[in-house]
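**Student:** Quick one, structure for this:
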Amino acid sequence: MELMVYKIDGNVSSKLSLNLDDFKVKKYLIHDKIKTELANIRTGNASTKTRGEVSGGGRKPWRQKGTGRARQGSIRSPLWVGGGVVFGPQPRDYDLDMPKKQKKIANYHTLIFKLKEGVVKIVEDLPKTGKTKDMYNFVTKVLGGKTERSVVLFLEDNMLVKRSMRNIPWLDYMSVKRLASHPLFYAKNVIMTKDAFDYINKELEILIGGK
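**Tutor:** Residues are numbered from 1 along each chain as shown. Have a look, this model is predicted:
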């Protein structure tokens, strides 16, 4: 497998080779990691009031017998408009967890999955002007004019780089030291800096060696 390396001007400078043909991606790990990430961002604050929590309804609306109407004990019965809700949602915690080592392996399997798809491009560096226009022009040139959902992977945080990317709606960004499987898996393209690739390549060699 060959990966194109792009210069800061967006032109191809060299190629990198990576052998992943014999590596089998464990998709169930990717699924578990994405499910965990999505569950952990749910707020779980949906709430309804039962008949005991709705205000009012303390007095019986009419006497038990002799009116010809059905007997009622409260105007806040679930059968009434404005009454309580039966079995409605209550605040809850949706959080899931995975072992730390399993999370790390799942993230790497997601990255290898994208590498096998052939959508990963390596860049020597990213524009550090802090301007969205410069980053937009650079990314679209590397992607061949595409403005699809993409992820930029870098090694160390840089405020100017992050500031220039945050207003591009179809572009996500993260450090390879803190990968997240969900945005990575659904990205149409992945752009990775050369130093991030060198870092992750050492980790992948250990992973691939152990399979």
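**Student:** phi, psi of the residue nearest to residue 50 when sequence neighbours are not counted?
**Tutor:** Among residues not flanking residue 50 along the chain, residue 84 sits closest, at 4.6 Å (Cβ to Cβ, 6 or more residues apart in numbering). C-betas here are computed from N, CA, C, even on glycine. Here is the backbone geometry of residue 84 (degrees, to the nearest 10): phi -70, psi 170.
**Student:** Hmm, residue 74 and residue 84 touching each other?
**Tutor:** No. The pair residue 84 / residue 74 is not scored as a contact, 9.1 Å apart, by Cβ atoms under 8 Å.
**Student:** Need the residues touching each of the two.
**Tutor:** Common contact partners of residue 84 and residue 74 (Cβ atoms under 8 Å, 6 or more residues apart in numbering): residue 51.
**Student:** returning to what we had before: can you report how many residues neighbour the residue nearest to residue 50?
**Tutor:** 19 (other Cβ atoms under 10 Å).
**Student:** tell me the secondary structure for residue 172?
**Tutor:** Three-state assignment for residue 172 (DSSP: H, G, I helix; E, B strand; the rest coil): strand.
**Student:** In the chain, which residue sits furthest out from the middle?
**Tutor:** residue 66 (62.5 Å; Cα atoms, centre = their mean).
**Student:** Stretch 87-106: how far from the chain's middle?
**Tutor:** 14 Å (Cα atoms, centre = their mean, to the nearest Å).
**Student:** those strands in the chain, which residues are they?
**Tutor:** 2-6, 12-17, 120-123, 150-154, 171-175, 189-193 (DSSP state E).
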